[in-house]
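Trainee: here's my sequence, what's the structure:
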Amino acid sequence: MNHLGTNEKRNKRGAEMTKKNHRQEGATLPLNQILDGDCVDMMNGLPAECVDLIFADPPYNLQLKGELYRPNNSKVDAVDDHWDQFASFADYDSFTRDWLKAAKRLLKPDGAIWVIGSYHNIFRVGAEMQNAGLWILNDVVWRKSNPMPNFRGMRLTNAHETMIWAGKSERSKYTFNYEALKALNEGIQMRSDWVLPICNGGERLKDENGDKAHPTQKPEALLHRVLVGTTNPGDLVLDPFFGTGTTGAVAKKLGRNFIGIEREASYRRVAQRRIDNARRYERTSLEVSVSKRSEPRVPFGQVVERGMLNPGEVLTSLNGRHTARVRADGTLVSSDARGSIHQVGAALEGAPSCNGWTFWSFKREGKMIPIDILRQQIRAEMQSSTR
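Mentor: Predicted coordinates for the structure are as follows:
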């Protein structure tokens, strides 16, 4: 369906949708459902600031001028669907502004959005995201390990797509599970270039005729990384261009809620079957590595109050060079310094700062044990009490 005239239609529906918004502010959200309709209309019908994350895979506006054939004269199954047809760049930009405005309204103050695209559209989308006041955090290059070759040999093989990750505003305290992504990458900080294969083989969904159910189906590995890295279990993820439901299937497996919007009936049917067949992972398996900065703060004085260490007990630095005694108020005293575990460690080492938790140890049964073991014990108790 060509997008000419859609803006005029939306303007006529504006007043009606505004009234609907007010009626639905206190309504129950359609969690884990696929909504049938135009993405802008559907988003405008949802309550404001109800979504933690949006993953959007909008039409790429590929501007294909004809059929594409391989060297053996077989036809390439390219993206030439009606939903990817726009009359002009101006029309596409207007469409982009409309759906981004509707999407931003739904984001919670600390929410974020991911948008994926190709060179055909991502630069235009990125500009409109900034115009809308979204705060770009990263652009991520999804480098395809098995890209489709360039059959005509007239350009470079198009081996990547670009994702833009943005917060709702510059002030947003967005979710970023740094340690979890680092763990996914075998202990190495996650980079902004992700090497993952395109969707193929058994993961590629087929329709009743055995053809691709959707020409741009994204691999679940891509959504797994996005959701593990930038959401938490129980969060609500919206996908306004739901397609065959990759976002919903991965969200369900990872214990996140989702809302999908898709106007094409054939895609909705495939997506619903897929989600019905998806199984949520066990709750204990959904926990991920967390940043030390996000762990509960434990004052050293609490270790003393609870009798885990006693006043007068001697602490020894892990390098064996320094000792200090514990005082009743949770401070330390040595021959050359007194103060917190951090201040005394820094003074003895002649350093500008020191993490006392990883600097000091205590003796039990002839063994030297880092005092950080005691902090971790208290943290574990705090976390278990909140479950």
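Trainee: for Ile369, name its beta-bridge partners.
Mentor: Beta bridges link Ile369 to Phe362, judged by DSSP bridges.
Trainee: from Val115, how far off is it?
Mentor: 49 Å (C-beta to C-beta, to the nearest Å). C-beta: built from backbone N, CA, C; applies to glycine.
Trainee: between the two, who's got more neighbours?
Mentor: Neighbours were counted for Ile369 and for Val115 using other C-beta atoms under 10 Å; Val115 has more, 27 against 12.
Trainee: OK, contacts around that one?
Mentor: Ala56, Asp57, Pro58, Ile122, Val125, Gly126, Met129, Met163, Ile164, Ala166 (C-beta atoms under 8 Å, 6 or more residues apart in numbering).
Trainee: got a winner among these for most neighbours?
Mentor: Going by other C-beta under 10 Å, Ala166 tops those with 27 neighbours.
Trainee: sec struct for that one, please.
Mentor: strand (DSSP: H, G, I helix; E, B strand; the rest coil).
Trainee: could you give the backbone dihedrals for the spatially closest residue to it that is not a sequence neighbour?
Mentor: If you skip the residues right next to it in sequence, Ala166 has Leu134 as its closest partner in space, 4.1 Å away by C-beta to C-beta, 6 or more residues apart in numbering. Note on Leu134: its backbone torsions stand at phi -70, psi 150 [degrees, to the nearest 10].
Trainee: what is the burial count for Leu134?
Mentor: Neighbours of Leu134 (other C-beta under 10 Å): 25.
Trainee: do the same with Phe89
Mentor: 12.
Trainee: next: Pro311.
Mentor: By other C-beta under 10 Å, neighbour count at Pro311 equals 11.
Trainee: try Val51
Mentor: Other residues close to Val51 by other C-beta under 10 Å number 26.
Trainee: what sits against it?
Mentor: Residues near Val51 by C-beta under 8 Å, 6+ apart: Leu106, Leu107, Lys108, Gly111, Leu236, Val237, Leu238, Ile259.
Trainee: can you lay out those as CSV showing distance to Glu295, neighbour count and secondary structure?
Mentor: Listed next are those as CSV, based on distance: C-beta to C-beta, whole Å; neighbours: other C-beta atoms under 10 Å; DSSP: H, G, I helix; E, B strand; the rest coil:
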residue, distance to Glu295, neighbour count, secondary structure
Leu106, 31, 23, helix
Leu107, 27, 25, strand
Lys108, 23, 17, strand
Gly111, 23, 25, strand
Leu236, 25, 21, strand
Val237, 25, 25, strand
Leu238, 29, 30, strand
Ile259, 31, 27, strand
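Trainee: quick one, phi psi at Phe55?
Mentor: phi -120, psi 120.
Trainee: got a list of what it touches?
Mentor: Ile113, Trp114, Ile116, Leu223, Val226, Val237, Leu238, Asp239, Thr247.
Trainee: residues in contact with the residue nearest to Ala166?
Mentor: Contacts of Leu134 by C-beta under 8 Å, 6+ apart are Leu100, Lys104, Ile113, Ala166, Gly167, Lys168, Ser169.
Trainee: buried ones among those?
Mentor: Leu100, Lys104, Ile113, Ala166, Gly167, Lys168 (16 or more other C-beta atoms under 10 Å).
Trainee: and which of the residues you listed is nearest to Ala180?
Mentor: Closest to Ala180 out of those is Gly167 (18.5 Å), distances taken as C-beta to C-beta.
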